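In: I'll drop the sequence and a predicted model, then ask my questions.
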Amino acid sequence: MSAVRPVPQATRPPCHDLALHDPRLLTLPPEALLAGLGSVPLAQLRLGSEFCERLLPATADLERLLAVADGLGVAAALVTPMVGDAGLAQLQRLLARLPAGSEVIVNDWGVLQRVADGFGALRPVAGRLLCKMVKDPRLESPVWARLYPGHAGSAALVALLRRFAVTRLEMDVPPFARAGDLEVEGLELGVHAEVGFAAKGRVCQIGSLHQPTARKFAPGHGCRHECLDYLQPMRRDSAHGRELPTAHWGNTLLYAHDDGMRAALAGAAADGRVARVIHGTLAL
Amino acid sequence: MKIVAPISQVAEIAPLAAAGADEFYCGVVPPAWVERFHNAATSRRLFSNLQSLDELQAAVAAARACGRPLSLALNGQHYADAQHASLLALVHEFADMGGAAVIIGDLPLLAAVGADAPPLEIHVSSVASCRNSGMIDFCRGLGAARIIYPRFLQLREMAAMTACAPDLAYEAFVLNDGCIYEEGACHTLHLPNHLGGAICIDDYRVETVRLDGTALAAGEREALAENDADYRRWQWYRMGCGSASTAGGLPYGPCGLCAIGALAEAGVGYLKIAGRDAGSVRKLANVRLVRDVLVHWRDHGAQAAARHAQALREEPAHCTHGYMCYYPEARRADAAPVC
C-alpha cells in the first residue's frame, strides 16, 4: 500500500468536476461540452460509469478524455464501477494508461485493493457506491432515514479508506438532507449535484432489449449500451405527495434533487465542508 | 457440500437439522439495541429475528445439540460508529455462547471485527458484493474466512475467484429471495405496504424515452413493450412465482438446484437457502428439496441431479424458461465450461 498522503481540509469554495456519462460527449466542442456548468469553473473532467462494467471506456475513449482535458487545462479522472474479474483485468489495462497523479474514482473495494497493489502513482477517490446511506426517493419524512444511519460520517469508514491512501470520499445528497449532513472528518468530501442513485443492479432491463429471450436478465448478459440512448422515467400513481423525480437509467435507479437538497449542498459548500461538487451530464 | 439454512425461531432448528440442514444462520435484535438506537437494524432484515440474547443462547445450544454450527447475521449495509461498539460487544457475547461465525456486510465493521479477532469465523455477506478476486484479497486481509457470493454471478466467475484464494471457504445461493438489484447497492427501504413496500415491486408506471429527445419509432415501441413484458415476467420469477409451491409443497422461486454439480466444481462448499422470513413449513420444504437433489448429485452425478431437480418442480415451463434460474448457464447446452 502507498504511504498515507496528508489530507487537506476544504477551506475554500469547492472545485467543480464534470462527469461524462457518455464517451460520445468528448466529441463535442468545448463550449457545448461545458454548457451545463454555466459560469462555474471546471477543475476536472471525468469519464466512466460508476454503475456498470459494460460501460468501461475503450482505450481510445480514455485517450480522448486525456486529450480533451489537457486542451481545457483541467485534470482528467477515470470513474470505475463494481466489476467482475474480467472487468478488473480490463480496468487494470486502463489504469496503466493514466498519467501519474491522476485520480481514479473507485466504487468497488476490490478495485481499491488492486489500485493499492499496483498503481501507487494514482490517487484513489472513494466513489459514492462506497458511501452507503438510505436514499429511498419515496420517503415522506426524514424519520425513516434517520432510523438507519449511514456511514458517511463514520470514523471507521474513514480509517479504512485512509489505509488505502484514499484522500477524498464522495457521496450523494440523500432525501431530506441538511447542510450539516454533508460532512466528513478526516477526508475531503465530494458531493454529487442534482442527481443521486437509489439502487443499482447487475441485471439491466434496457440492456437486455436486444438479447434473445432466454438470455435476457441473466448474470453477465451482454448489451449494446442501450442506456446511452434511453432513459426510463418512473411515476407512482399511489404517490402520497412529496416524491423525488425518479428514473431507471440502465441498471440504476436515479433520483433528482429537490430545492431542499440543493440548498443543503449549497449550504455545505458555503460552510467550506465540500471540496468538490460533481456535475453530471444526465438530467432526469 | 453443506446446506446453510435460515432460522427465525429456536424451535425450527431440530426439525431442519433432521431434514438435512448442515448449518444455520439467524439474526437477533436485543432489547438494549432497540432502546438505544430505536430500530431493529442489527442486520439487513428488520423482521424475522430472534428477540433477545437469551433466545440467541438457546438457538446456539439447540444447534450444538444437533451438531450444527450457528452463524449470526450482522449484515447491515452500513452502521454508524456508535453502533459498531454495540455490534462488537454482541460479536463477543455470541462467541462466548458458542456461536460459530458472524456474517458481515459493512466493510468498516468487517475491519473492526477482524482487528478485534474474536474466537469465531468471519463470513462476508452477499451484501458486501464480493464480485472479483481483488475484493476477495481485500476481505481476506481484514480477517474473512468465508465469502458468501452475491447474486448474479456466473459459475465461471465463481470458479475463477475461488481459484485465486482456495484457502477461503465459499458459499452461494441455491434457493429463494428475489432481490433484483445489487443487494449491497440498494439504498431503499422495504416500506410498509401502504407506503409502497419494496421499491422493485412498487406501483410504478415506467415509460421509455430517447435521450436525444426524438420520438420512438413504431418498431422501437414494440420492441420496448416486449422487453418490458419479459422483464415483468422475470420479476415474477424472482419474487418466488407469487410465493407458490408444487402440489407436494416444494417452493418455487429463484433456484440453483441444477447447478449444484457446477457449484461444487467451482469450489463452492456451502449452499445458502435464503429466507429467514419464510414460515417454518416452507423452510422445511426448502431444506428437504436441496437435500434431495444433493443426495441425487452425490449418488448419480450432476446431470442426473439436474434432471431430478427439474422433475421435482412438476412445472417444466418454470425451468425451461430460465428466468427462475440463479445460474441459467448450468442448464444451457451452449454454456461454456465452468473450469
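Out: That came through fine.

In: does residue 152 sit in a helix, a strand or a coil?
Out: Picked chain A for this. Of the three states, A:Ala152 takes coil according to DSSP: H, G, I helix; E, B strand; the rest coil.

In: hmm, I had chain B in mind actually
Out: Applying three-state DSSP to B:Phe152 yields a three-state assignment of coil.

In: Look up the closest residue to A:Tyr255, ignoring the ones flanking it.
Out: Leaving aside its sequence neighbours, A:Tyr255 sits nearest to A:Pro137 (CB to CB, 6 or more residues apart in numbering or on different chains; 3.9 Å). The way it works is simple: take the backbone N, C-alpha and C, and place the C-beta from them, glycine included.

In: SS state for the one you found?
Out: Using three-state DSSP, the structure places A:Pro137 in coil.

In: quick one: it from B:Glu220, how far?
Out: 27 Å (CB to CB, to the nearest Å).

In: The two: which has the busier surroundings?
Out: A:Pro137 (25 against 16; other CB atoms under 10 Å in any protein chain shown).

In: Test my guess that that one contacts A:Glu243.
Out: Yes. Using CB atoms under 8 Å, A:Pro137 is in contact with A:Glu243, at 6.5 Å.

In: C-terminal to the helix or strand hosting B:Asp96, what's the next element?
Out: Element membership of B:Asp96, judged by DSSP states H and E, is helix B:81-97. Scanning forward in sequence from helix B:81-97 by DSSP H and E, the next helix or strand is strand B:101-104.

In: what lines up beside that next one in the sheet?
Out: The partner list of strand B:101-104 in its sheet, established with DSSP bridges, is strand B:70-74 (parallel), strand B:121-124 (parallel).

In: how about those in JSON lines, adding mean pLDDT?
Out: What follows is the strands paired with strand B:101-104, written out as JSON lines (pLDDT from 0 to 100):
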{"stretch": "strand B:70-74", "mean pLDDT": "98"}
{"stretch": "strand B:121-124", "mean pLDDT": "98"}
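
In: Run through the helices of the stretch 101-250 of chain A in chain order.
Out: A:109-118, A:143-147, A:155-163 (DSSP state H, counting those that start in this stretch).

In: How about residues contacting the longest one?
Out: The reference is to helix A:109-118. When contacts are defined by CB atoms under 8 Å, 6 or more residues apart in numbering or on different chains, helix A:109-118 is touched by residues A:1-2, A:80, A:83, A:88, A:91-92, A:95, A:104, A:106, A:122, A:124, A:126, A:130, A:164-166, B:107, B:128, B:130-139, B:141.

In: Could you rerun that using 7 Å?
Out: By CB atoms under 7 Å, 6 or more residues apart in numbering or on different chains, the list of residues contacting helix A:109-118 from outside reads A:1-2, A:80, A:83, A:88, A:91-92, A:95, A:104, A:106, A:122, A:124, A:164-165, B:107, B:132, B:134-135, B:137-138.

In: so what secondary structure elements neighbour the longest helix belonging to chain A?
Out: The helix of greatest length in chain A, counted in residues with DSSP state H as the criterion, is given as helix A:59-72. Here helix A:59-72 is seen to pack against strand A:42-47, strand A:75-79 when contacts are counted using 3 or more CB pairs under 7 Å, 6 or more residues apart in numbering or on different chains; DSSP states H and E.

In: Show the pLDDT at B:Cys164.
Out: On the pLDDT scale, B:Cys164 is placed at 94.

In: isn't it right next to B:Ser133, touching?
Out: Yes. With contacts defined as CB atoms under 7 Å, B:Cys164 counts as touching B:Ser133 at a distance of 4.0 Å.

In: returning to what we had before: distance of the residue nearest to A:Tyr255 from B:Arg288?
Out: According to CB to CB, A:Pro137 stands 41 Å off from B:Arg288.

In: least trustworthy helix or strand in the chain by mean pLDDT?
Out: You didn't say which chain, so I picked chain A. None of the helices or strands of chain A scores lower by mean pLDDT, DSSP states H and E than helix A:143-147, at a mean of 83.

In: was after chain B, sorry
Out: Among the helical and strand segments of chain B, the one scoring lowest on mean pLDDT, DSSP H and E is helix B:240-243, with a mean of 82.

In: After it, which helix or strand is next? Please name it.
Out: Remark: after helix B:240-243, the chain's next helix or strand is helix B:260-265, criterion DSSP H and E.

In: could you pull out the strands for the stretch 1-150 of chain B?
Out: Per DSSP state E, counting those that start in this stretch, the stretch 1-150 of chain B has strands spanning B:2-6, B:23-26, B:70-74, B:101-104, B:121-124, B:146-148. These are given in chain order.

In: Export whichever helix or strand comes after the shortest one to CSV, keeping only CA atoms.
Out: Remark: after strand B:146-148, the chain's next helix or strand is helix B:155-164, criterion DSSP H and E. What follows is helix B:155-164, C-alpha atoms only, in CSV (Å, rounded to 0.1, in the frame of the first residue of the first chain):
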residue,chain,number,x,y,z
LEU,B,155,-20.5,-20.1,-12.4
ARG,B,156,-17.2,-19.5,-14.3
GLU,B,157,-16.8,-16.2,-12.4
MET,B,158,-17.1,-18.0,-9.1
ALA,B,159,-14.6,-20.7,-10.3
ALA,B,160,-12.0,-18.1,-11.2
MET,B,161,-12.4,-16.2,-7.9
THR,B,162,-12.3,-19.3,-5.9
ALA,B,163,-9.1,-20.5,-7.7
CYS,B,164,-7.4,-17.2,-6.7
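
In: So is helix B:155-164 next to chain A?
Out: Yes. Helix B:155-164 lies in contact with chain A when judged by CB under 7 Å from any CB of the partner chain; the contacting residues are B:Glu157, B:Ala160, B:Met161.

In: In JSON lines: those, plus distance to B:His92 and neighbour count.
Out: Putting the residues of helix B:155-164 next to chain A into JSON lines (distance: CB to CB, whole Å; neighbours: other CB atoms under 10 Å in any protein chain shown) gives the following:
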{"residue": "B:Glu157", "distance to B:His92": "35", "neighbour count": "21"}
{"residue": "B:Ala160", "distance to B:His92": "36", "neighbour count": "19"}
{"residue": "B:Met161", "distance to B:His92": "31", "neighbour count": "26"}
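
In: How about the residue most central in space within chain B: what's its closest non-neighbour residue?
Out: Among the residues of chain B, B:Ala274 comes closest to the average C-alpha position under CA atoms, centre = their mean, at 4.5 Å. On the basis of CB to CB, 6+ apart, the spatially nearest residue to B:Ala274 that is not a chain neighbour turns out to be B:Asp177, at 3.6 Å.

In: State the distance from that neighbour to chain A.
Out: Counting by CB to the nearest CB, to the nearest Å, the separation of B:Asp177 from chain A is 14 Å.

In: for that residue, what are its contacts?
Out: Neighbour list for B:Asp177: B:Pro254, B:Ala274, B:Gly275 [criterion: CB under 7 Å, 6+ apart].

In: nearest to B:Pro30, of those residues?
Out: B:Gly275 (22.7 Å; CB to CB).

In: helix, strand or coil for the closest one?
Out: Relying on three-state DSSP, one would call B:Gly275 coil.

In: For the stretch 151-300 of chain B, what lies in contact range of chain A?
Out: For the stretch 151-300 of chain B, the residues found near chain A under the criterion CB under 7 Å from any CB are B:152-154, B:157, B:160-161, B:180-182, B:185-189, B:191, B:196, B:199, B:202-211, B:223-224, B:227, B:230-231, B:234.

In: Can you tell me which of the residues you listed end up in strands?
Out: The subset of these located in strands under the criterion DSSP state E comprises B:Tyr204, B:Arg205, B:Val206, B:Val209, B:Arg210.

In: For ChimeraX, write the select line for the buried members of these.
Out: If you want just the buried ones from those in ChimeraX, going by 16 or more other CB atoms under 10 Å in any protein chain shown, the selection is:
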select /B:204
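
In: For whichever residue of the stretch 101-250 of chain A sits closest to chain B, give me the pLDDT.
Out: Ranked by CB to the nearest CB, the top residue of the stretch 101-250 of chain A for proximity to chain B is A:Gly110, at 3.0 Å. Confidence at A:Gly110, expressed as pLDDT, is 98.
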